[in-house]
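Engineer: Could you work out the structure for the sequence below:
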Amino acid sequence: MRSLLIFAGLALGLAACTETTTAQRAPTVAPGVPIAVESISGAPDAMRGSFSSALSSEASARRVDIVDPATNPRYRVRGYLAAQPTEDGQTALAFVWDVFDAQKRRAQRVQGATVARGSSGDWTSVDQITVNKAAAESMDQIAQFLAAQDQAVAGSSPPSAGAAVARAAAANAAASTPTLALRR
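Structural biologist: Numbering: from 1, shown residues only. Okay, here's the model as predicted:
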């Protein structure tokens, strides 16, 4: 009986140590909607480069077409990053993205923050995992906006055969890994 109680206690202890995870939802896709990332400000150069790479990867996963700003994209994106202390003593990587339309009017603001593991309250606490999470959250919100805008445009006019061909070509082009063209 005693060994049964010890075994039950160990089982309960191990169960308490088990981490539960929730299934993540699939990211929103916005195939063929060309955007240009014009700037990422506020971060040190090394962090900006790391974030740019992560954002490019996340854009590819969402089939968002990142193009050169000189190509007259449908949307232009400008971002700002900040490492800041949280109320509970940790560090958050905060982001703000302004999405501008072809007429250079702000069409959407995307913002959020990802908590880092460190507690320095500055950039030294921000690791690659935090950067990747913030880039994923950023691009997911941007893709949601782009997809909603694309649906609104598609709903306002009847689809043509030319538009279907153009969308298919854009989707194929988006399958390749995009690169970010940043201006300083």
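
Engineer: only C-alpha atoms for contact and neighbour calcs from this point on.
Structural biologist: Will do.

Engineer: Sketch out the low-pLDDT regions of this structure for me.
Structural biologist: Low-confidence segments of the chain, defined by pLDDT under 70: 1-28, 30, 150-184.

Engineer: Which parts of it are strands?
Structural biologist: 34-41, 65-66, 75-85, 91-100, 106-115 (DSSP state E).

Engineer: Comparing those, which comes out most buried?
Structural biologist: strand 65-66 (a mean of 24; mean count of other CA atoms under 10 Å).

Engineer: Just checking: what are the partner strands of that strand?
Structural biologist: Strand pairing for strand 65-66, determined by DSSP bridges: strand 34-41 (parallel).

Engineer: buried stuff in the longest helix anywhere in the chain?
Structural biologist: Longest helix in the chain by number of residues (criterion: DSSP state H): helix 128-156. Judged by neighbour count (16 or more other CA atoms under 10 Å), helix 128-156 contains these buried residues: 130-147.

Engineer: can you put the strands of the chain in a markdown table and add distance to Thr124?
Structural biologist: Output for those, formatted as a markdown table (distance: least, CA to CA, whole Å):
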| stretch | distance to Thr124 |
| --- | --- |
| strand 34-41 | 17 |
| strand 65-66 | 29 |
| strand 75-85 | 9 |
| strand 91-100 | 9 |
| strand 106-115 | 13 |
